[in-house]
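Asker: What follows is a predicted structure for the sequence shown.
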Amino acid sequence: MENLMLLLQQVMEESATICCTSATLDYELVKGRVKDEGISFLTISLPAFGKDFQKSLDVGLVDDQLFAGFKRKKKLPAFLSGFTCQIFDIETGSLLDEPSIEAITAVRQISLMYGKLLAPCSDARIKKALDQFVQCEKDVREADERLSQSDKDRFVRMVRLLWGQIFQNVDEDVFFGNISPQHGPGATAEKLIGNDKWNLVEWTERLEAVFPWWEYAIPPTVWRDGESAYSAYHVEILEPGEERPVRVVTVPKTPATPRIIAIEPVCMQYMQQGLLYSFLTSLKRDPTLYRIMGFDDQVPNQHLAEKGSRNGSLATLDLSEASDRVSNQLVELATAFVPNFAKALQATRSTKADVDGHGIIALSKFASMGSAFCFPMEAVIFTTVVFLGIEEELKRQMTRRDIKNLVGQVRVYGDDIVVPVDYVRAVHSTLELFGFRVNAGKSFWTGKFRESCGKDYYAGHDVTVIKVRRDLPTERRHVNELISVVSLRNQLYEVGLWQTAFWLDKRIEKLIPFPVVLESSPVLGRVSFLGYETEKMHSYLHKPLVRGWIVRGKIPDSHLDDLGAMLKCLLKRGEEPFADSRHLERAGRPDAVNLKLGWYPSI
């Protein structure tokens with residue numbers, strides 16, 4: 001707590017200097033509130049202040065209903081009034097004609113910097129999140145019932161217009177047996193990790209009907225016919241009532257609410273990865289949709305958010321509980337015209353979830369986070385519904401040419417959506433019609449503020465907040481905290497909070513050597529606009545070297561041999577060899593992260 005308070009004080013003082021004001025009384029208020037409320041003031045109350053500030057920017061007015069829990073100084077909150085009076089009129093609360101960008105950045109940085117601190121939620125908040133997960137199931141069923149046949153018909157027609165060829169390509173891959181399964185790096189319902197996943201001992205009847213075990217889980221060189229294959233390799237084929245449910249867990253997201261993850265069984269993940277690969281391969285061959293719906297690059301969304309903040313032409317929308325509100329009924333409707341793909345999706349979809357405090361429940365949603373196909377399918381559904389909203393505003397059926405003309409104006413990356421402002425209200429209402437919830441606190445289209453995919457802009461200026469993810473380290477053995485604070489220091493330096501960066505330099509230098517390096521260097525070092533250090537030159541590569549620490553992750557031991565090893569090698573994608581030559585001896589995510597001292601390149 002003390003370290004976090006000292007860091008906040010540095011940020012407040014430097015921000016006040018930049019904005020030609022004082023933050024002394026503001027910091028005294030923070031100290032008093034933290035003494036009374038604890039760390040929750042930094043991680044929950046202050047971020048709530050920041051969110052209300054964003055709403056005020058968006059509507060151009062400080063509403064009397066905002067900034068609850070903070071005293072007023074005329075129309076503005078007294079807290080940070082030295083900054084906010086440079087943005088809003090203190091008498092009327094109206095946005096100034098030319099608000100200070102520096103003050104906007106400062107208020108957001110001070111109020112939101114601890115909003116994503118990795119800290120455990122209270123038991124009550126975890127229980128509330130799990131209760132909401134179950135309630136979401138009821139909401140999905142109700143949304144399904146509300147859809148009229150006309151709505152469904154419009155939806156199916158738009159799906160075929162947008163995704164017809166891509167879905168057909170995947171359908172053919174399923175039909176001709178061209179699906180190449182793979183294991184992902186994540187956890188599994190069985191708690192298997194690393195190479196253990198390749199020894200598949202469970203399969204389901206639903207998978208068997210589309211992806212026979214002997215064809216997809218045994219190396220082709222040792223295929224056997226009939227029942228002998230199943231008995232020889234000891235696989236258990238589970239009937240629907242015996243299937244292993246997804247394991248619903250919570251992981252840290254923010255101190256206010258945890259993230260809900262549904263961990264899939266191994267066999268499901270395995271075939272989901274195969275379908276995903278087929279889908280993405282086909283998507284990349286469509287130049288129009290690949291530029292409208294993204295999976296591996298957030299930058300286009302960020303550029304569009306900047307454009308929208310500058311000229312007001314584009315809106316940014318964010319959805320609440322996005323993946324958990326994608327109905328399986330919608331997925332079935334969307335894929336009905338491609339029967340092989342439809343069967344494959346349903347076969348690789350888990351139908352039950354084990355939720356702490358609620359037992360095993362049936363799932364109406366398509367999938368939660370944890371399924372390999374959750375992210376792409378939610379993006380497919382959201383993109384379809386967005387274009388339905390645009391079509392509603394146009395009052396005519398869209399064509400493929402219309403869709404192509406909207407490249408550079410419509411962009412969907414998961415639940416981060418960018419649409420033209422002219423269509424935003426129709427898109428908003430259509431999303432709600434299909435059961436999705438637009439997050440009003442993170443959706444912007446009326447003012448000059450926009451946010452998408454982690455970047456925030458006001459009137460074309462980058463006002464993104466540098467978030468503190470972990471507490472500051474006090475010992476060298478606090479490896480994760482050291483890695484985090486070095487990243488934090490460099491981000492603060494790059495946005496111009498130099499005094500705060502230099503304050504962190506002194507703290508870090510007490511723990512590790514902290515040379516000046518380029519961002520491309522593997523060394524935990526400080527970035528500088530003035531270049532990099534050279535302590536000596538490499539004897540034969542002629543690279544500048546510095547003495548410093550690098551991050552090393554220890555891959556856990558995970559021995560694999562026999563058919564599992566052969567299957568892993570035969571299913572490898574791409575022409576490059578495995579990155580780790582010992583991949584059959586160790587695999588999985590690092591079970592520990594440590595630092596290694598030595599001489600390494602500073603560039």
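Answerer: Received, thanks.

Asker: The stretch 51-200 of the chain: strands as residue ranges?
Answerer: 72-73, 76-77 (DSSP state E, counting those that start in this stretch).

Asker: The last one: how far from the chain's middle?
Answerer: Okay, so that is strand 76-77. Distance, stretch centre to chain centre, for strand 76-77: 33 Å (C-alpha atoms, centre = their mean, to the nearest Å).

Asker: just the first one next, same as before
Answerer: Taking the mean of its C-alpha atoms, strand 72-73 sits 37 Å from the chain's own mean (C-alpha atoms, centre = their mean).

Asker: pLDDT averaged over that strand - what is it?
Answerer: Taken as a whole, strand 72-73 has an average pLDDT of 92.

Asker: now do the last one
Answerer: Summarised as a single mean, pLDDT over strand 76-77 is 96.

Asker: nearest to residue 174, of the strands of the stretch 51-200 of the chain?
Answerer: Residue 174 lies closest, by C-beta to C-beta, to one member of the strands of the stretch 51-200 of the chain: strand 76-77, at 57.6 Å. For every residue, glycine as well, the C-beta is placed using N, CA and C.

Asker: Partner strands of the closest one and their direction?
Answerer: Partners of strand 76-77 in the sheet, by DSSP bridges, are strand 72-73 (antiparallel).

Asker: Which residues does the partner strand contact?
Answerer: Contacts with strand 72-73, where a contact means C-beta atoms under 8 Å, 6 or more residues apart in numbering, come from 78, 81, 90.

Asker: same thing but 7 Å
Answerer: For strand 72-73, contacts defined as C-beta atoms under 7 Å, 6 or more residues apart in numbering pick out 78, 81.

Asker: In this structure, where is pLDDT below threshold?
Answerer: Applying pLDDT under 70 to the chain flags the ranges 220-233.

Asker: mind giving me the domain ranges of it?
Answerer: With automatic domain parsing as the criterion, the domains of the chain are listed as 2-115, 126-442, 479-601.

Asker: okay but residue 59 is in contact with residue 444, surely?
Answerer: No. Applying C-beta atoms under 7 Å as the test, residue 59 and residue 444 come out as separate, 9.8 Å apart.

Asker: So between these two, which is more surrounded?
Answerer: residue 444 (29 against 15; other C-beta atoms under 10 Å).

Asker: who touches that one in this structure?
Answerer: 58, 315, 316, 450, 451.

Asker: That one pairs with what?
Answerer: The partner residues for residue 444, given DSSP bridges, come to residue 316.

Asker: residues near residue 9, how many?
Answerer: Residues near residue 9, counting by other C-beta under 10 Å, number 17.

Asker: and the closest residue to it other than its chain neighbours, what element?
Answerer: Closest residue to residue 9 apart from its sequence neighbours, by C-beta to C-beta, 6 or more residues apart in numbering: residue 27 at 5.6 Å. In the assignment (DSSP states H and E), residue 27 maps to helix 24-37.

Asker: go on, residue 361?
Answerer: Going by DSSP H and E, residue 361 is part of strand 359-362.

Asker: how near is residue 330 to residue 271?
Answerer: Distance of residue 330 to residue 271, computed by C-beta to C-beta, to the nearest Å: 21 Å.

Asker: And those two? Which one has more around it.
Answerer: Each of residue 330 and residue 271 has its neighbours counted (other C-beta under 10 Å); residue 330 has more, 27 against 24.

Asker: Tell me who's in contact with the more buried one.
Answerer: Contacts of residue 330 by C-beta under 7 Å, 6+ apart are residue 381.

Asker: What lies in contact with stretch 148-155?
Answerer: 333, 384, 388, 433.

Asker: closest to residue 421 among the residues you listed?
Answerer: Within the contacts of stretch 148-155, proximity to residue 421 (C-beta to C-beta) peaks at residue 388, which comes in at 17.7 Å.

Asker: Tell me the secondary structure of that closest one, please.
Answerer: Here residue 388 is recorded as helix under DSSP: H, G, I helix; E, B strand; the rest coil.

Asker: likewise residue 450?
Answerer: Following three-state DSSP, the label given to residue 450 is strand.

Asker: Now do the helices in the stretch 301-450 of the chain.
Answerer: Assigned by DSSP state H, counting those that start in this stretch, the helices in the stretch 301-450 of the chain fall at 328-335, 339-347, 374-394, 400-405, 424-433.

Asker: Mind putting those helices into TSV with distance to residue 237?
Answerer: Shown next, in TSV, are these (distance: least, C-beta to C-beta, whole Å):
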stretch	distance to residue 237
helix 328-335	23
helix 339-347	13
helix 374-394	25
helix 400-405	43
helix 424-433	40
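
Asker: Residue 115: which of these is closest?
Answerer: Residue 115 lies closest to helix 374-394 among those, at 23.4 Å (C-beta to C-beta).

Asker: Please state the offset of the top helix by length along the chain from the chain centre?
Answerer: Taking DSSP state H as the criterion, the chain has its longest helix at helix 149-175. Helix 149-175 sits 26 Å away from the centroid of its parent chain (C-alpha atoms, centre = their mean).

Asker: With stretch 475-485 instead?
Answerer: Put simply, stretch 475-485 sits 24 Å off its chain's centre (C-alpha atoms, centre = their mean).

Asker: So which bits of that stretch are buried?
Answerer: 478, 479, 481, 482, 483, 484, 485 (16 or more other C-beta atoms under 10 Å).

Asker: swap in stretch 84-100?
Answerer: Applying 16+ other C-beta under 10 Å to stretch 84-100 flags 84, 85, 86, 87, 88, 89, 93, 95, 99, 100 as buried.

Asker: quick check, nearest of the residues you listed to residue 130?
Answerer: residue 84 (37.8 Å).

Asker: ok, now which ones touch the nearest residue to residue 434 once chain neighbours are set aside?
Answerer: Residue nearest to residue 434 in three dimensions, not counting chain neighbours: residue 385, with 5.1 Å by C-beta to C-beta, 6+ apart. Going by C-beta under 7 Å, 6+ apart, residue 385 touches 430, 431, 434.

Asker: now with 10 Å?
Answerer: Contact analysis of residue 385 by C-beta atoms under 10 Å, 6 or more residues apart in numbering lists 155, 158, 330, 412, 417, 427, 430-436.

Asker: follow-up on the earlier one: present the contacts of residue 444 as a markdown table; the columns should include distance to residue 185.
Answerer: A markdown table is the format used below for these (distance: C-beta to C-beta, whole Å):
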| residue | distance to residue 185 |
| --- | --- |
| 58 | 38 |
| 315 | 35 |
| 316 | 30 |
| 450 | 33 |
| 451 | 29 |
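
Asker: Switch the residues you listed over to TSV; also include neighbour count and distance to residue 207.
Answerer: Shown next, in TSV, are the contacts of residue 444 (neighbours: other C-beta atoms under 10 Å; distance: C-beta to C-beta, whole Å):
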residue	neighbour count	distance to residue 207
58	20	47
315	25	41
316	28	39
450	28	43
451	24	40
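
Asker: What is the nearest of those residues to residue 44?
Answerer: Looking at these and their distance to residue 44, the nearest is residue 451, at 19.7 Å (C-beta to C-beta).

Asker: Now for residue 434, how many residues are close by?
Answerer: Applying other C-beta under 10 Å, we find 22 residues neighbouring residue 434.
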